[in-house]
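K.L.:
Okay, sequence plus prediction incoming.
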Amino acid sequence: MHVTHLSLADFRSYARAEVPLGPGVTAFLGPNGQGKTNLVEAVGYLATLGSHRVAADAPLVRAGAQRAVVRAQVRQGEREQLVELELNPGRANRARINRSSQVRPRDVLGILRTVLFAPEDLALVKGDPGERRRFADELVVARAPRMAGVRSDYERVLKQRNSLLKSAAMARRHGGRGVDLSTLDVWDQHLARAGAELLAQRLDLLAVLGPLADKAYERLAPGGGPLALEYRGPVPGASREELYAGLLAALGEARKQEIERGVTLVGPHRDDVLLRLGELPAKGYASHGESWSYALALRLAAYELLKSEGHEPVLVLDDVFAELDTRRRARLAELVAGAEQVLVTAAVPEDVPEVLEGARFSVADGEVTPE
């Protein structure tokens, strides 16, 4: 899989950009603040419907513009598809596949898959549980695009349930008339059903990702492991029905406390992935270098997993080499050099290891120019 052409209109700093791409390595070079990351961010947005830098779409639209358009020609084997997303902050985004407008944005998921390496990856190890949940869920959707709908359903039900709980909590605190909670059982069932599906996919993911991450860590930092991934949540079970029953039971046990606090306290949105290095949690115990190696190992494992399942993703390395010491830089470059397509951003050419030879573009003042 690789992108053969990227087009931007009013995306970030670009009024217009047309970038021809091909298999192998492509490096975008230029001083910081010139728009290198904006290019690979656009590629990532087409793959995930989200940015690795911001949570909302508004910052992705160029100042003064009403909308942004990201379009890419994607080739997988002998098949080519044109995928386009129109970003409309405050309104519904629109999507087109091969010029057809009769699709939802999430219908584009799976046409392009990416694995992104970025300085923000250190938060996978050192950051809050939300960073690890996001990593897991994006990979779940990359493996099975239909899970985007399950995630959306879960978030919708969670929002409705939280609204009901918040109203009940406010009424209790202010001595007002009690809120009708008769629908809470129904919301519990909906939340447990979508939550069980999401939990099952996360557990399956970690089962196959853990060994791959351990292998990648050994290649990056020989003798430094072993590495292990452990899912942390209050609901036991293996099958979807067991997870569904466990979630329902946990919601029932937490109901009194949830009504008092006005928020849902049980579910996949509260869980975490414990990253172990040796016998200890990586968070709080791993050194800075070990944390970097761990984060890189997770990304490499994601790439190997998608590739093994027949969906080799585009690798994106966004200014990551500047963050690494010479040894990790060289090992990472060697491990990714053989990918079908690698997109690299760097402030100076010297930051790109020699093994990653390929096409180069200069990025400055909103212009992308082949070198």
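P.N.:
Thanks, I have it.

K.L.:
so how far is stretch 331-338 from its chain's centroid?
P.N.:
Mean-position distance between stretch 331-338 and its chain equals 21 Å (CA atoms, centre = their mean, to the nearest Å).

K.L.:
and that stretch, what's its mean pLDDT?
P.N.:
What stretch 331-338 shows for mean pLDDT is 94.

K.L.:
and Arg71, that's in a helix?
P.N.:
No. Assessed with DSSP: H, G, I helix; E, B strand; the rest coil, Arg71 is strand; it does not lie in a helix.

K.L.:
From the structure, what's the count of residues near it?
P.N.:
19 (other CB atoms under 10 Å). C-beta here means a position set from N, CA and C on the backbone, and glycine is covered the same way.

K.L.:
quick one: contacts for it?
P.N.:
Residues in contact with Arg71 (CB atoms under 8 Å, 6 or more residues apart in numbering) are 6-9, 82-85.

K.L.:
just Glu309 next, same as before
P.N.:
Contacts were defined as CB under 8 Å, 6+ apart; by that measure Glu309 touches Arg143.

K.L.:
could you check the distance from it over to Leu205?
P.N.:
11 Å (CB to CB, to the nearest Å).

K.L.:
what's the answer for Glu78, then?
P.N.:
30 Å.

K.L.:
Of those two, give the one with the bigger neighbour count.
P.N.:
Shown here are Glu78 and Leu205; by other CB under 10 Å, Leu205 has more neighbours (23 against 5).

K.L.:
so how far is the helix or strand hosting the more buried one off the chain centroid?
P.N.:
For Leu205, the host element (DSSP states H and E) is helix 184-220. Centroid displacement of helix 184-220 relative to its chain, using CA atoms, centre = their mean, is 14 Å.

K.L.:
Same question for stretch 26-40.
P.N.:
From the chain centre to the centre of stretch 26-40 is a distance of 20 Å (CA atoms, centre = their mean).

K.L.:
Run through the residues that contact Leu165.
P.N.:
For Leu165, the contact set (CB under 8 Å, 6+ apart) comprises 184, 258-259, 261-264.

K.L.:
hmm, try it at 7 Å
P.N.:
Applying CB atoms under 7 Å, 6 or more residues apart in numbering, we find Leu165 in contact with 258-259, 262-264.

K.L.:
Could you dump those into a markdown table with distance to Ala63 and secondary structure added?
P.N.:
Formatted as a markdown table, the contacts of Leu165 follow (distance: CB to CB, whole Å; DSSP: H, G, I helix; E, B strand; the rest coil):
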| residue | distance to Ala63 | secondary structure |
| --- | --- | --- |
| Glu258 | 42 | helix |
| Ile259 | 44 | helix |
| Gly262 | 38 | coil |
| Val263 | 36 | coil |
| Thr264 | 37 | coil |
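
K.L.:
Would you show me how to pick out the buried ones of those residues in PyMOL?
P.N.:
Selecting only the buried entries of these in PyMOL, with 16 or more other CB atoms under 10 Å as the criterion:
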select buried, resi 258+259+262+264
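
K.L.:
So which of the contacts of Leu165 is the closest to Asp365?
P.N.:
The nearest member of the contacts of Leu165 to Asp365, counting by CB to CB, is Val263 at 47.2 Å.

K.L.:
now the angle between helix 184-220 and the helix or strand that contains Glu155, please.
P.N.:
Glu155 belongs to helix 147-173 when elements are defined using DSSP H and E. Calculated by axes from the mean of the first three to the mean of the last three CA atoms, to 10 degrees, helix 147-173 forms an angle of 130 degrees with helix 184-220.

K.L.:
would you list every one of the strands in the stretch 201-350 of the chain?
P.N.:
Secondary structure of the stretch 201-350 of the chain (DSSP state E, counting those that start in this stretch): strands at 227-232, 272-277, 280-281, 314-318, 341-346.

K.L.:
what angle separates the last one from strand 314-318?
P.N.:
Counting by the same axes, to 10 degrees, strand 341-346 points 10 degrees away from the direction of strand 314-318.

K.L.:
in strand 341-346, what's buried?
P.N.:
Across strand 341-346, burial judged by 16+ other CB under 10 Å covers 341-346.

K.L.:
of all these, which two lie farthest apart?
P.N.:
Within these, two members stand farthest from each other by CB to CB: Gln341 and Ala346, at 16.7 Å.

K.L.:
residues in contact with Ile111?
P.N.:
By CB under 7 Å, 6+ apart, the contact list for Ile111 reads 74, 81, 83.

K.L.:
Sticking with the residue positioned nearest the centre of the chain, tell me its helix or strand.
P.N.:
Computing the C-alpha centroid of the chain and ranking residues by CA atoms, centre = their mean puts Glu138 first, at 4.1 Å. In this structure, Glu138 sits in helix 129-143 according to DSSP H and E.
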